[in-house]
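S.K.: Provide a 3D model corresponding to the input given below.
(chains A, B, C and D)
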There are 2 protein chains.
Amino acid sequence: MKDTTSNDLADVPKIDEMLCFSIYSASHAFNQLYRPLLDELELTYPQFLVMTALWARDDRTVKDLGETLFLDSSTLTPLLKRLENVGLVTRNRNPDDERQVLLRLTEKGLALKSRASYVFDCIGKAVGLDAEAVSKIRGTIASLRDNIKKDKHES
Amino acid sequence: MKDTTSNDLADVPKIDEMLCFSIYSASHAFNQLYRPLLDELELTYPQFLVMTALWARDDRTVKDLGETLFLDSSTLTPLLKRLENVGLVTRNRNPDDERQVLLRLTEKGLALKSRASYVFDCIGKAVGLDAEAVSKIRGTIASLRDNIKKDKHES
DNA sequence: AGCGATTTATTTGTACGCGATCTAACTATG
DNA sequence: CATAGTTAGATCGCGTACAAATAAATCGCT
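M.R.: Modelled structure (predicted):
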């Protein structure tokens, strides 16, 4: 006799049919693609993203950086301390508001930007898509992300 | 006099123009979307992916599971031990090849599949795209991932 | 059969991510 | 101007990720 309380046949998707898994695995793939390149700069991939954000805009607070990267201070504080320890950034309380910590690139941190160009070139080649295709995919994924985050706020 | 050795003007992209960042941040967004749903099942998001893979195919080795998820045993072993500790899977050496560990779902692990259906439904609604759109994006990201991983092997 | 090379999983160490909690500093309101 | 409430960062704990090193089992080759 068949046990009808068993749920073996419950209908769940296969892992490679899941949108979230494609993103999860692509995220790891990028990490692995970056790693050997970033080893040269003695940076991790998240550290490199932080540096990239700071190259675009310097002299900003941890909160501000966090809003750019969608990361909070419990992730950023230890990471930024590591960047400070290797002399790439400085962290100083804002005299006008002692709650805030202002981040600034050092000379060394700024200088690293030129070596980073090479990394971006390599990644671009590895991805192997033209600018238009990259832009389209990026836009699609960014909207998806923003959609998901909005939903979270609404509920 | 201007210091021409300075590389302030080196040409690097902004963070939100980077394809890798869209994926990085979307990956975190999915994690955050899943978290409250998976709290009910007392699973983390990676644990849920492992369970999903096992619901599709049971009685397989750690290596085999790792190839499905693109994760290696140093990530999976501790995660699987946690699933074993809560009684969702069993881990036993394969008598025919003692190097391998065979993973099997317990009754409890199988039973969880029905409750997972609800999670998939919620995620589907939050993503808010029709099946065709999801399929297209998923395919694009998966090819991108496979492309990157292939490059890595070739170099 | 013997033994070096390979394969599978585990262990170890480092660095994220992030919820939860804490502390110090600022703001608002009476 | 007092103080409750809010805000910005830091800290803690847990669970990934993953490289590197280790251990045990199997394979391949002679």
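S.K.: same for the lengthiest helix in chain A, what does it pack against?
M.R.: Scanning chain A for the longest helix, with DSSP state H as the assignment, gives helix A:131-154. With contacts defined as 3 or more Cβ pairs under 8 Å, 6 or more residues apart in numbering or on different chains; DSSP states H and E, helix A:131-154 has these neighbours: helix B:19-41, helix B:107-127, helix B:131-154. To be clear about C-beta, it is placed using only N, CA and C from the backbone, and glycine gets the same treatment.
S.K.: In terms of pLDDT, where does the residue lying closest to A:A126 once chain neighbours are set aside sit?
M.R.: Counting by Cβ to Cβ, 6 or more residues apart in numbering or on different chains, A:A126 lies nearest to B:D151, which is 4.7 Å off, once chain neighbours are set aside. With respect to pLDDT, B:D151 scores 70.
S.K.: again with A:L9
M.R.: A:L9 carries a pLDDT score of 66 in this model.
S.K.: count of neighbours near A:L88?
M.R.: A:L88: 24 surrounding residues under other Cβ atoms under 10 Å in any protein chain shown.
S.K.: Next up, phi/psi of it, please.
M.R.: In terms of degrees, to the nearest 10, the main-chain angles of A:L88 are phi -100, psi -30.
S.K.: I'd guessed it sits against A:G109; true?
M.R.: Yes - if you go by Cβ atoms under 8 Å, A:L88 and A:G109 touch, sitting 3.9 Å apart.
S.K.: So for these two, which residues contact both of them?
M.R.: Residues touching both A:L88 and A:G109 (Cβ atoms under 8 Å, 6 or more residues apart in numbering or on different chains): A:M51.
S.K.: OK, contacts around the residue nearest to A:T140 when sequence neighbours are not counted?
M.R.: Distances taken as Cβ to Cβ, 6+ apart place B:I137 nearest to A:T140, at 6.0 Å, with adjacent residues excluded. Applying Cβ under 8 Å, 6+ apart, we find B:I137 in contact with A:19, A:22, A:140-141, A:144, B:129.
S.K.: Please say whether there is contact between the longest strand along chain A and chain B.
M.R.: Scanning chain A for the longest strand, with DSSP state E as the assignment, gives strand A:97-105. No - Strand A:97-105 lies apart from chain B when judged by Cβ under 8 Å from any Cβ of the partner chain; the minimum separation is 9.7 Å.
S.K.: Given that strand, what are its sheet partners and their directions?
M.R.: Strand pairing for strand A:97-105, using DSSP bridges, gives strand A:60-61 (antiparallel), strand A:89-94 (antiparallel).
S.K.: Ranking these by mean neighbour count, which comes first?
M.R.: When the strands paired with strand A:97-105 are scored by mean count of other Cβ atoms under 10 Å in any protein chain shown, the highest mean neighbour count falls to strand A:60-61 (a mean of 17).
S.K.: ok, that one near DNA strand C or not?
M.R.: No - Strand A:60-61 does not reach DNA strand C (Cβ under 7 Å from any atom of the strand); its nearest approach is 12.3 Å.
S.K.: where does chain A come near DNA strand D, residue by residue?
M.R.: Counting by Cβ under 7 Å from any atom of the strand, chain A comes close to DNA strand D at A:24, A:28, A:31-32, A:35, A:61-64, A:66, A:73-74, A:76-78, A:80, A:91, A:99-101.
S.K.: on that earlier part again, tell me which of the helices and strands packed on helix A:131-154 is the most buried.
M.R.: helix B:19-41 (a mean of 20).
S.K.: Pull the CA coordinates from the least confident helix or strand in chain A by mean pLDDT and hand them back as PDB.
M.R.: Every helix and strand of chain A was ranked by mean pLDDT, DSSP states H and E. The lowest is helix A:131-154, at a mean of 91. C-alpha atoms of helix A:131-154 as PDB (Å, rounded to 0.1, in the frame of the first residue of the first chain):
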ATOM      1  CA  ALA A 131      29.900  46.800 -23.900                       C
ATOM      2  CA  GLU A 132      26.300  46.800 -25.100                       C
ATOM      3  CA  ALA A 133      25.700  43.200 -24.000                       C
ATOM      4  CA  VAL A 134      27.300  43.800 -20.600                       C
ATOM      5  CA  SER A 135      25.200  46.900 -20.100                       C
ATOM      6  CA  LYS A 136      22.000  45.000 -20.900                       C
ATOM      7  CA  ILE A 137      22.700  42.100 -18.600                       C
ATOM      8  CA  ARG A 138      23.900  44.400 -15.800                       C
ATOM      9  CA  GLY A 139      20.800  46.400 -16.100                       C
ATOM     10  CA  THR A 140      18.500  43.400 -16.000                       C
ATOM     11  CA  ILE A 141      20.300  42.000 -12.900                       C
ATOM     12  CA  ALA A 142      20.300  45.300 -11.100                       C
ATOM     13  CA  SER A 143      16.600  45.800 -11.600                       C
ATOM     14  CA  LEU A 144      16.000  42.300 -10.400                       C
ATOM     15  CA  ARG A 145      18.000  43.100  -7.300                       C
ATOM     16  CA  ASP A 146      16.200  46.400  -6.700                       C
ATOM     17  CA  ASN A 147      12.900  44.700  -7.200                       C
ATOM     18  CA  ILE A 148      13.700  42.100  -4.600                       C
ATOM     19  CA  LYS A 149      15.000  44.600  -2.100                       C
ATOM     20  CA  LYS A 150      11.900  46.800  -2.600                       C
ATOM     21  CA  ASP A 151       9.600  43.800  -1.900                       C
ATOM     22  CA  LYS A 152      11.500  43.100   1.300                       C
ATOM     23  CA  HIS A 153      10.800  46.700   2.500                       C
ATOM     24  CA  GLU A 154       7.100  46.600   1.600                       C
END
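S.K.: Fine by me, we can end here.
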